[in-house]
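S.K.: Structure of the sequence below:
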Amino acid sequence: MPPNNSNESRKLENPNEFLVIPKWINEDYFRPIIEKDVKDFRSIKNFTPIAATQPGDNYTSVMVRVIVDIELKDSSEQQVSYILKTTLEMDKGGDLVAGMNLFPKEKQMYQVHIPNFVRLYKEAGVDIELAPKCVHIDESPEGITLVLEDLKQQNFENVDRLKGFDMEHMRRVIRKVAELHAASAVTYEQNGPYDEMYSRSLYSESNRHMFEGLGKMRHQQYIKAMREWPLPDVEEYIANLPSPTEFFDKGIKLNSVDENEFNCLNHGDLWCNNIMFSEDRTLFVDLQVGRWGSPAQDLWYMITTSPSLDIKVKEFDHFIQIYHTRLVECLKLLKYSKSIPTLREIHVMMIKYGDWGPITMSGVLVAVLMPSDKDSSINMMMAPGPEGDAFRYKTFINPYYVKAMVQLYPFFKNKGII
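M.R.: Predicted coordinates:
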């Protein structure tokens, strides 16, 4: 890791002053991690933990950037930094997250699947990166903690989620998604089915009560907000709006996997903040909700959440073509022996599993397009009563979200999806 100004850590701005950093994230915890990660490490000179994300950029974990000034055995000094990701406290949404299997999935993705996918490409003669290096995983009765390399130290950045990807960034992301999908399909072919937890999405019967309860709390505020949008024929859309039970039933139905089609391990949470870019590298982060099934899930999720509005609908078919071209290249490179899907078959999948689009639009996109707000949290999203209603209504009339809805509702209607 390159040396940096040892005073830099003191100048770094904390992006979320409201985050309470657990006291156990300290020098004692990190010393053995650094000893293993940094050759010739001698001692810690300065230790600075700060929030890794702004309010509203992450809802399901505590994300801390740890900046450490260290001394090496030759008495030179160096600055290293890491991203620590750990579970929320139980009374701050941790109980909800624990029931979703997010951290066990991510642990296995970093320990097993991502290294295996990279190895497949290496054996085929190609170096392909998919995710940052995980330098430490800690599991205890309280939860799972991951320590990852800090990609910002290597000049990686996110694209502004409120602006979205331009065409060049979309091209890079789509190609990377195809690389992930291809390697995961070949792994399934070679090793058999993935762990059973990858057969489940957040839409499981065990979560029905929670999701329907949230749906009922937000339904009235959502309709109230819709009537303020400049959306032609808004009453027609309101009349056809699924009830919370119908909405959840659509999610349950999407869990079905047709083994006669091409399937893959989906990233499951593909939006701007979970993809990082340097000048010539593109990597995924946040590998918590992977799911085996149709690639349509990742494609709908990414296209619904992440391109800028000027290309989101206009370039839809082009996005699918870019994906298909790279998918075919990678499947052939990795010697996939089953039938390779045609471009037409991918388009058919997009319609067949089209409910992923409106589900993403009505759900996660609300949070994706909400400007940074100190009140943004999973607890506030689900809070009952007037305070929670006011926050939910605020997210539904957010101008960024409204502009997207005015574009997406007619798009989904014309596709026959709503």
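S.K.: and Trp216, how many neighbours does it have?
M.R.: For residue 216 the amino acid is Lys, not Trp. Lys216 has 13 neighbours, counted by other C-beta atoms under 10 Å. Where you see a C-beta, it was placed from the backbone N, CA and C, and this is true even at glycine.
S.K.: and it, that one's in a strand?
M.R.: No: read with DSSP: H, G, I helix; E, B strand; the rest coil, Lys216 is helix and lies in no strand.
S.K.: these two touch, right, it and Phe247?
M.R.: No: with contact defined as C-beta atoms under 8 Å, Lys216 does not reach Phe247; the gap is 10.5 Å.
S.K.: which residue sits closest to the residue nearest the centre of the chain, ignoring its sequence neighbours?
M.R.: Note on the chain: the residue nearest the mean C-alpha position is Asp269, at 3.3 Å, using C-alpha atoms, centre = their mean. Sequence neighbours aside, Val289 is the residue nearest to Asp269 in space, at 4.9 Å (criterion: C-beta to C-beta, 6 or more residues apart in numbering).
S.K.: how about the one you found, secondary structure?
M.R.: Going by three-state DSSP: Val289 is coil.
S.K.: got a list of what it touches?
M.R.: 100, 102, 105, 201-202, 267-269 (C-beta atoms under 8 Å, 6 or more residues apart in numbering).
S.K.: what helix or strand is the residue nearest to the centre of the chain on?
M.R.: Assigned by DSSP states H and E, Asp269 belongs to no helix or strand.
S.K.: any low-confidence regions in the stretch 251-400 of the chain?
M.R.: When residues are selected by pLDDT under 70, those of the stretch 251-400 of the chain lie in 374-379.
S.K.: can we see that at 80?
M.R.: 373-382 (pLDDT under 80).
S.K.: So which residues of it form helices?
M.R.: Remark: helices assigned in the stretch 251-400 of the chain by DSSP state H, counting those that start in this stretch are 296-305, 309-312, 316-333, 343-352, 356-362, 364-368, 378-381, 385-396, 399-414.
S.K.: any idea how far Tyr29 lies from Met109?
M.R.: From Tyr29 across to Met109, the span is 23 Å (C-beta to C-beta, to the nearest Å).
S.K.: Can you pick out the residue with more neighbours from these two?
M.R.: Using other C-beta under 10 Å as the criterion, Tyr29 and Met109 rank with Met109 on top: 24 against 18.
S.K.: Next, count neighbours for the closest residue to that one other than its chain neighbours.
M.R.: Spatial nearest neighbour of Met109, chain neighbours left out: Leu287 (3.9 Å); criterion: C-beta to C-beta, 6+ apart. By other C-beta under 10 Å, 25 other residues sit near Leu287.
S.K.: which residues touch Leu287?
M.R.: 105-106, 109-110, 114, 131, 267.
S.K.: out of the residues you listed, which is most surrounded?
M.R.: His267 (29 neighbours).
S.K.: list the contacts for the residue lying closest to it once chain neighbours are set aside?
M.R.: Nearest non-adjacent residue to His267, counting by C-beta to C-beta, 6+ apart: Asp298, 5.5 Å away. Counting by C-beta under 8 Å, 6+ apart, Asp298 touches 177, 181, 266-268, 270.
S.K.: hmm, 7 Å instead?
M.R.: Going by C-beta atoms under 7 Å, 6 or more residues apart in numbering, Asp298 touches 177, 266-267, 270.
S.K.: how about Leu146, what does it touch?
M.R.: 85, 106-107, 110, 134, 137.
S.K.: can we see that at 8 Å?
M.R.: Contacts of Leu146 were listed using C-beta under 8 Å, 6+ apart, and they are 84-86, 103, 106-107, 110, 134, 136-138.
S.K.: try Met350
M.R.: By C-beta under 8 Å, 6+ apart, the contact set of Met350 is 296, 299-300, 320.
S.K.: Among those residues, which one lies nearest to Glu157?
M.R.: Set against Glu157, the nearest of the contacts of Met350 by C-beta to C-beta is Leu299 (23.9 Å).
S.K.: does the closest one really touch Val173, like I thought?
M.R.: No: with contact taken as C-beta under 8 Å, Leu299 and Val173 are classed as non-touching, separated by 10.7 Å.
S.K.: ok, the closest residue to Thr342 other than its chain neighbours to Ile223 distance?
M.R.: With C-beta to C-beta, 6+ apart as the measure, His324 is the residue that lies nearest to Thr342, at 7.9 Å, once sequence neighbours are left out. Noted for His324: a distance of 38 Å to Ile223, by C-beta to C-beta.
S.K.: where's Pro193, which helix or strand?
M.R.: Secondary structure assignment for Pro193, by DSSP H and E: no helix or strand.
S.K.: Endpoints of stretch 240-258, how far apart?
M.R.: This stretch, stretch 240-258, spans 28 Å end to end (C-alpha to C-alpha, to the nearest Å).
S.K.: neighbouring contacts of that stretch?
M.R.: By C-beta under 8 Å, 6+ apart, stretch 240-258 touches 199-205, 208, 211-212, 214-216, 219, 222-223, 226, 263, 292-294, 297, 353, 355-356, 359, 362, 418.
S.K.: and if we set it to 7 Å?
M.R.: 201, 203, 208, 211-212, 215-216, 219, 223, 263, 292-293, 353, 355-356, 359, 418.
S.K.: quick one: Asn46 is in a strand?
M.R.: Yes: under three-state DSSP, Asn46 sits within a strand.
S.K.: Let me know the pLDDT of Met90.
M.R.: Met90 is assigned a predicted lDDT (pLDDT) of 43.
S.K.: export the contacts of Leu287 to JSON lines and tack on secondary structure?
M.R.: Below are these laid out as JSON lines (three-state DSSP):
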{"residue": "Lys105", "secondary structure": "helix"}
{"residue": "Glu106", "secondary structure": "helix"}
{"residue": "Met109", "secondary structure": "helix"}
{"residue": "Tyr110", "secondary structure": "helix"}
{"residue": "Ile114", "secondary structure": "helix"}
{"residue": "Ala131", "secondary structure": "coil"}
{"residue": "His267", "secondary structure": "coil"}
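S.K.: Which of those sits closest to Ser43?
M.R.: Tyr110 (28.2 Å).
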